[in-house]
Each structure stands twice: as C-alpha cells, then as structure tokens.
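Q: Have a look; sequence and predicted model below, questions after that.
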Amino acid sequence: MRKKKLKRFTFTDFCIYAIVAILGFTVFYPLYNSVLISIVPQYEAIKHPFMLYPPKLDFSAYKFAFESTSVASGVFVSGMKVILGGALSMVLTLLTSYALTRPLPGRRLIYAFLLIPTYFSGGIIPNYLLIDQLGLMNTIWALILPSSVSFGTVVIFMRYFNSLPEELEESARLDGANDILILFKILIPLMKPIIATYFLYGAVANWNSWFDGLLYIRTASKMPIQTVLRNIIQESTISTMESTSGEEIAVYTEGVKMACLVIGMAPIMAFYPFLQKYFVTGITAGAVKG
C-alpha cells in the first residue's frame, strides 16, 4: 500500500491564506484597538491612535464607569433578562412549535394569527400604550415579555419536529406516553443543538438591547446594562465629571466609550465558546426536512 503524498503548498494556497489572514485582521484589530484605547492614558491614545501594544496602562476609564452605582445593577438586570427571557422564550417556542405540528383544531388559523404580526407591526406607540395598560412599566417584565417569542424561530422548530422520525412518537404512545411526556422526555433531549444555538442568539439580543430600557424603565437601578452604558457615554461627553466623592476628575471621553464597549460585550464573549460546538448542527437543524 503506497503512502499518500503530502500535498504541496502552492502559490494558490498562499494567496488563500493571505486573504483569510487579512480579512481576519480587519475584523479582529478594531476590537483589539478599542480595548487598548480603554486602558491607556489620553495622550498616548492621541499620539498613537493605532497601537499594537499599550505603551502605558491607565484604568481610569474603567474606574469612572464602575463608579456609577448603576453598572452593578445594570449587569444584574441584564443577567436576569437573559436567564428569564431565554427560559421563557424557549418554553413558549417549544410548546407553540410542537402544538402547531400536531393535529390541533384550528391550527391553520392559529398559524395565520401568529404570521400576520411578522409582516405588520403596530409600532412603538401602540406597544408603549399596551405595556402601560398592562401595568408592566418600570418592571423587568416590560423588557422580557414583548420579545419572548419569535415566529421565525417557531417555524424553524416546527420543521425540526417534522424532521424527526414518526416512529419515536408512535412507540412512545404505545407505551402510554402523552404529549407532555413525548415532548419533554423524548423530543427535547434530541434538540439540544438547536435549543443551545437559539438560546445563545436570544441571550445576545437580550444582553445587547438598550432601547426597551430607555423606553419602559424610569428607575436607574432597574435599567439594563446597555442602557446604563449609553447614559454613561452621554455623561462623559464633557471633559470633567464629578466623582462619587464630589471632586472634579478629568475624563477621556473616547477611553470611557471604549471601556463601556468592553464591559458590554465581555460577558457574552465569555459565554459564547461554551455553546459554539452546537452551532453547525443547530443552525442547519430544521432548515431542510430530512
């Protein structure tokens, strides 16, 4: 048996790797440079707007950001929003998609009822009035309930349910299992990749949203972290700010902005690698009926 010859590294391979490296650098460097700007003094950032390493460290921008008492509460609110919103969204999506794949009376009418709002929206003012009339203003539920279900995700989950072998459900029913047992004991364990993938998508959306906090929340301690960081950036547009001790301190506005950017994205970036392995199967699951 002849040994396989190693493939020669050709000029075409070199060009491909070079293009990929350049594209990767253009994506990674702006993020890396933002981190550097947030940890260097103002004069260094002005002197070297594009750096490869920090000439001198200065964490005053992070100190200014964390001196705001709203940052800790904002992280907590956003964390609760991610956990509660993600759990509620998955439960409602699973129940809705499973029900719409069963012989449910009026299924087509329910499907059409859910489909229409994806094309026609009432707008911001009707949503605001609805939240107000329901008594959800200035509560965390105003941040969770309006975006708890996405009909596009429901459709993908429906296709995934339809792609599973019918024999699984038939054998379970012969053993006396009802729909609840079939869903939670048999089908959901087979859906871990798609559940993990879309839970992460929802977590990123919930963590990064700021406009709903600006619209529905009036108390600073109840605002999500992105709304808090937005307010901090607005406050840092002047050259000096009053610290918590009452003294005036110099503030590098670009450094504060970059520090807020890092604070806002760091938790999601830390969480992302744990669910990355599910992405390939999770994204394609339900796309084509097998």
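A: Arrived safely, thanks for sending. Residues are numbered from 1 along each chain as shown.
Q: pLDDT averaged over the strand or helix carrying residue 196 - what is it?
A: Remark: residue 196 resides in helix 192-208, with elements defined by DSSP states H and E. Averaging pLDDT along helix 192-208 yields 85.
Q: what helices or strands is that helix leaning on?
A: helix 70-100, helix 151-163, helix 225-235, helix 253-275, helix 279-284 (3 or more Cβ pairs under 8 Å, 6 or more residues apart in numbering; DSSP states H and E). Every residue, glycine included, has its C-beta placed from N, CA and C.
Q: possible to save these as TSV with mean neighbour count, mean pLDDT and distance to residue 182?
A: Conversion of the helices and strands packed on helix 192-208 to TSV gives the following (neighbours: other Cβ atoms under 10 Å; pLDDT from 0 to 100; distance: least, Cβ to Cβ, whole Å):
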stretch	mean neighbour count	mean pLDDT	distance to residue 182
helix 70-100	19	88	9
helix 151-163	18	88	11
helix 225-235	20	80	39
helix 253-275	17	77	26
helix 279-284	15	53	22
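Q: Those into a markdown table, with extra columns for distance to residue 196?
A: Converted to a markdown table, the helices and strands packed on helix 192-208 look like this (distance: least, Cβ to Cβ, whole Å):
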| stretch | distance to residue 196 |
| --- | --- |
| helix 70-100 | 10 |
| helix 151-163 | 13 |
| helix 225-235 | 23 |
| helix 253-275 | 5 |
| helix 279-284 | 6 |
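Q: still on that earlier bit, could you pull out the buried residues of the helix holding residue 196?
A: 193-203, 206-207 (16 or more other Cβ atoms under 10 Å).
Q: can you count the residues close to residue 105?
A: Under the neighbour criterion other Cβ atoms under 10 Å, residue 105 is assigned a count of 6.
Q: how close does residue 138 get to residue 107?
A: 38 Å (Cβ to Cβ, to the nearest Å).
Q: Could you do residue 191 as well?
A: For residue 191 relative to residue 107 (Cβ to Cβ), the value is 21 Å.
Q: quick one: which of these two has more around it?
A: residue 191 (20 against 13).
Q: What segments of the stretch 1-150 of the chain are helices?
A: Ranges of helices in the stretch 1-150 of the chain, per DSSP state H, counting those that start in this stretch, are 11-38, 42-47, 60-67, 70-100, 107-119, 124-133, 141-144.
Q: Quick one: residues in contact with the second one.
A: Pointing back at helix 42-47 there. 37, 51, 54, 55, 56, 58, 250, 252, 254, 255 (Cβ atoms under 8 Å, 6 or more residues apart in numbering).
Q: Please verify my assumption that the fourth one contacts residue 39.
A: No - counting by Cβ atoms under 8 Å, residue 55 sits too far from residue 39 to count as a contact (10.7 Å).
Q: Tell me which of the two has more neighbours.
A: residue 39 (20 against 13).
Q: Pretty sure that one sits against residue 58.
A: Yes - the pair formed by residue 39 and residue 58 meets the contact definition of Cβ under 8 Å, at 6.6 Å.
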